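Asker: 3D model of this:
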Amino acid sequence: MQVDRIAVALRPRTEWEALDLGFRMAREWWKPIWGVWLALYLPVAAILLFAFENKFHAWIVLWWLKPLFDRAVLHAASRAVFGDECGVVATLKAAREWLRPGLIGALTFGRFDFARSFTIPVSTLEKQTGSAARKRRSALGARARGKAVWLTLVCVHIESIALVSSLVIVSMLEPSAADMVPHDDYGEDFMAAFRDAFTWQTADILHYVFAVSLVEPFYVTAGFALYLNRRTLLEGWDIEVQLRRIEDRLRGTAGAAVLLLAVLLGGLGAWSYAPEPAGAQEQAVAAPREGAASPQQAVSAPPQPQQAQTKKTPQQEIREILAGPDFGSMREVASWRYVGETRKSEPAKPFEFPDALRNFILLLSDFSQALLWVLAVIAILLVLYALRKFLPEPRLRKVAYRPPDTLFGLDVAPETLPEDVAAAAAEAARAGRMREALSLLYRGALSALVHRHEVDLQAGDTEGDCVRAANRALPMEVAAYFGRLVDAWQAAAYAGQLPALAGIERLCGDWTLHFTQRATP
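Answerer: Numbers count the residues shown, from 1 in each chain. Predicted coordinates:
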């Protein structure tokens, strides 16, 4: 595997993050993954449908051959992850690569491996077999096998849900399902297919093919992502990728560094071999250094024997390193040890209470039991008494509606309004008192709502609550006018935007059409 060409971000992840990465891989490369799956699975399913009269036997064969199709999907996903060609045609041409080794084992004893999607890359991608494959699976699954088993259980349940959902939806859309008329061998309803579990029809196999094709590629890619994450943690793939990227960045500057080093070495060599004056050479020959040996002595002196060094084997060096303090470990082991026979002692005579004391204890026990029952009843009554305020009060009769006299600080009592609200508002507007005109119209409308139409408004309601209540209780045109009036009032009261005289006159004219001149209680 060329780790530097990998198409996913390598970093240490948790097992659940790795599973999520596998689902993302399936969505990213869905064309080659589902293309390979459908190109192999659908023809085999069609052949089995024609080969078996009882479609239940076809389902058994399809279920048993799942590891075969999973290998093809894994091959396509692995090529996509490592940047190679992963199309349908390329995967089918490379069938020898993903069919062996380990296919026989995957279809026999390995068929019931609950971590199949996590362990299948060991034989398909790493080409491990026998004891080497078992050791490799054990090393990889030290901390991740449990998550792979959970992945299998979850995918089995999702596949079952997809199968049942497909059956239910199709049965609901069939015209005969509404009349409950028996069709084929299903019986009275769509659940009869499950009651007769060993006699399947063609429709059952089609639903199963749909459910498996929907879930199985996700299952394979999630297990493969869990496998990649485990190898990243064990082998440091993320560190290797970063080191290779650093090497690529430094490779461009390597030539310049070598050239500079060669120039420096050449300059040093030329300086060290510079010629000396002749007088200095003669003096050096005539007067050798004190303590230096003469040429004759140097020739006649026998060479000093060097101490022989024994070469250690790699196994010995490994043992010495492991025996060092850095790799030392201690552990406490508790075990059973036979200490010999013990002297058998005579069984002690059991203690017996006197009859009077035993009767008193029984009486005290009965009294305590009765007291506990009384205390339990009292506790239940106290709890019910404490919860009485949380229980809804029964309404035996309808409470008479009592309209409020004030809303939002505005007096909406009918007696506080003029006889003709619209005329009074128009007169105030012509006098330049726009805010007073809007206040009269707004108060008159609120008074008509709560007194004449009996719209349930409370003192704490907002303008928006009033508009919503009017929309529910009033006709459409009246509610629309009330909404326009509330908007004009809010703009004047909160934003200081007073409407023009013509706008207020239109509001006064519409007010007369939709509300009475004076609301009565």
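Asker: hey, where'd the strands end up in the stretch 401-521 of the chain?
Answerer: Assigned by DSSP state E, counting those that start in this stretch, the strands in the stretch 401-521 of the chain fall at 406-407, 410-411.
Asker: mind putting these in a markdown table, distance to residue 57 and mean pLDDT included?
Answerer: Using the backbone N, CA and C atoms, a C-beta is placed for each residue, glycine as well. Listed next are the strands of the stretch 401-521 of the chain as a markdown table, based on distance: least, CB to CB, whole Å; pLDDT from 0 to 100:
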| stretch | distance to residue 57 | mean pLDDT |
| --- | --- | --- |
| strand 406-407 | 77 | 74 |
| strand 410-411 | 82 | 73 |
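Asker: out of those, deepest packed?
Answerer: When you average the neighbours per residue for each of the strands of the stretch 401-521 of the chain (mean count of other CB atoms under 10 Å), strand 406-407 leads with a mean of 17.
Asker: report the distance from that one to the chain centre.
Answerer: Centre-to-centre, strand 406-407 and its host chain are 52 Å apart (CA atoms, centre = their mean, to the nearest Å).
Asker: where are the low-confidence patches of the chain?
Answerer: 1-5, 85, 175-198, 237-311, 321-331, 342-353, 389-401, 459-460, 516-521 (pLDDT under 70).
Asker: what lies in contact with stretch 53-72?
Answerer: With CB atoms under 8 Å, 6 or more residues apart in numbering as the test, stretch 53-72 has contacts from 36-37, 40-41, 44-45, 48-49, 51-52, 91, 95, 98-99, 103, 106-107, 110-111, 116-117, 120, 124, 197-202, 204-205, 208-209, 212, 216, 219-220.
Asker: domain map for this protein?
Answerer: What automatic domain parsing lists as the domains of the chain is 3-241, 406-514.
Asker: mind putting the ones you listed into JSON lines with distance to residue 364?
Answerer: Shown next, in JSON lines, are these (distance: least, CB to CB, whole Å):
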{"stretch": "domain 3-241", "distance to residue 364": "54"}
{"stretch": "domain 406-514", "distance to residue 364": "62"}
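Asker: show me the one of those that comes nearest residue 370.
Answerer: Across those, residue 370 has its closest neighbour in domain 3-241 (51.9 Å, CB to CB).
Asker: in stretch 160-174, which residues are buried?
Answerer: 162, 163, 166, 167, 171 (16 or more other CB atoms under 10 Å).
Asker: mind checking the SS state of the fourth one?
Answerer: To tie it back to what came earlier, the one meant is residue 167. helix (DSSP: H, G, I helix; E, B strand; the rest coil).
Asker: how far away is it from residue 474?
Answerer: 50 Å (CB to CB, to the nearest Å).
Asker: same question for the third one.
Answerer: Taken as CB to CB, the spacing of residue 166 relative to residue 474 amounts to 50 Å.
Asker: residue 110 too?
Answerer: With CB to CB as the criterion, residue 110 and residue 474 are 74 Å apart.
Asker: what does residue 435 give?
Answerer: According to CB to CB, residue 435 stands 25 Å off from residue 474.
Asker: and the two? which has more neighbours close in?
Answerer: Each of residue 435 and residue 474 has its neighbours counted (other CB atoms under 10 Å); residue 474 has more, 18 against 14.
Asker: enumerate every residue touching that one.
Answerer: 449, 453, 455, 482.
Asker: distance-wise, check the first one relative to residue 492.
Answerer: Same thing as residue 449. 20 Å.
Asker: how many neighbours does the closest residue to residue 48 other than its chain neighbours have?
Answerer: Sequence neighbours aside, residue 58 is the residue nearest to residue 48 in space, at 3.9 Å (criterion: CB to CB, 6 or more residues apart in numbering). Other residues near residue 58 come to 25 when the count uses other CB under 10 Å.
Asker: dump the host helix or strand of residue 58 to CSV, keeping only the CA atoms.
Answerer: Applying DSSP states H and E as the criterion places residue 58 in helix 55-64. Output in CSV follows, covering the C-alpha atoms of helix 55-64 (Å, rounded to 0.1, in the frame of the first residue of the first chain):
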residue,chain,number,x,y,z
LYS,A,55,-37.3,-18.7,-3.4
PHE,A,56,-36.4,-19.3,0.2
HIS,A,57,-33.5,-21.5,-1.1
ALA,A,58,-32.4,-18.6,-3.3
TRP,A,59,-32.3,-16.4,-0.2
ILE,A,60,-30.1,-18.8,1.6
VAL,A,61,-27.6,-18.9,-1.2
LEU,A,62,-27.6,-15.1,-1.6
TRP,A,63,-27.1,-14.7,2.2
TRP,A,64,-24.3,-17.2,2.2
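Asker: can you pull the buried residues of it?
Answerer: Buried, per 16+ other CB under 10 Å, within helix 55-64: 55, 58, 59, 62.
Asker: swap in stretch 80-95?
Answerer: For stretch 80-95, by 16+ other CB under 10 Å, it's 80, 81, 82, 86, 88, 91, 94.
Asker: quick one on the thing from earlier: residue 359 is nearest to which of the domains of the chain?
Answerer: domain 3-241 (59.7 Å).
Asker: distance between the closest one and the chain's centre?
Answerer: 20 Å.
Asker: list the contacts of the residue nearest to residue 210 when sequence neighbours are not counted.
Answerer: Leaving aside its sequence neighbours, residue 210 sits nearest to residue 166 (CB to CB, 6+ apart; 5.6 Å). For residue 166, the contacting residues are 207, 210, 211, by CB under 8 Å, 6+ apart.
Asker: and the gap between residue 166 and residue 440?
Answerer: In terms of CB to CB, residue 166 sits 66 Å off from residue 440.
Asker: got it, and residue 447?
Answerer: 10 Å.
Asker: looking at the two, which is more packed in?
Answerer: Neighbour count, other CB under 10 Å: between residue 447 and residue 440, residue 447 has more, with 28 against 24.
Asker: so what's that one up against?
Answerer: Contact analysis of residue 447 by CB under 8 Å, 6+ apart lists 412, 413, 414, 417, 519.
Asker: quick check: the gap between the fourth one and residue 464.
Answerer: For residue 417, the distance to residue 464 under the criterion CB to CB works out to 24 Å.
Asker: residue 158 contacts residue 215, doesn't it?
Answerer: Yes. Between residue 158 and residue 215 there is a contact under CB atoms under 8 Å: 5.4 Å.
Asker: give me the more crowded residue out of those two.
Answerer: residue 215 (20 against 15).
Asker: SS state for the residue lying closest to the more buried one once chain neighbours are set aside?
Answerer: Distance criterion CB to CB, 6+ apart; nearest residue to residue 215, sequence neighbours excluded, is residue 159 at 4.5 Å. Under the three-state scheme (three-state DSSP), residue 159 adopts helix.
Asker: residue 159: neighbouring residues, count only.
Answerer: Neighbours of residue 159 using other CB under 10 Å come to 18.
Asker: next: residue 451.
Answerer: 21.
Asker: can you redo the contacts of residue 166 as a markdown table with secondary structure and neighbour count?
Answerer: Listed next are the contacts of residue 166 as a markdown table, based on DSSP: H, G, I helix; E, B strand; the rest coil; neighbours: other CB atoms under 10 Å:
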| residue | secondary structure | neighbour count |
| --- | --- | --- |
| 207 | helix | 22 |
| 210 | helix | 15 |
| 211 | helix | 20 |
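Asker: cheers, nothing more for now.
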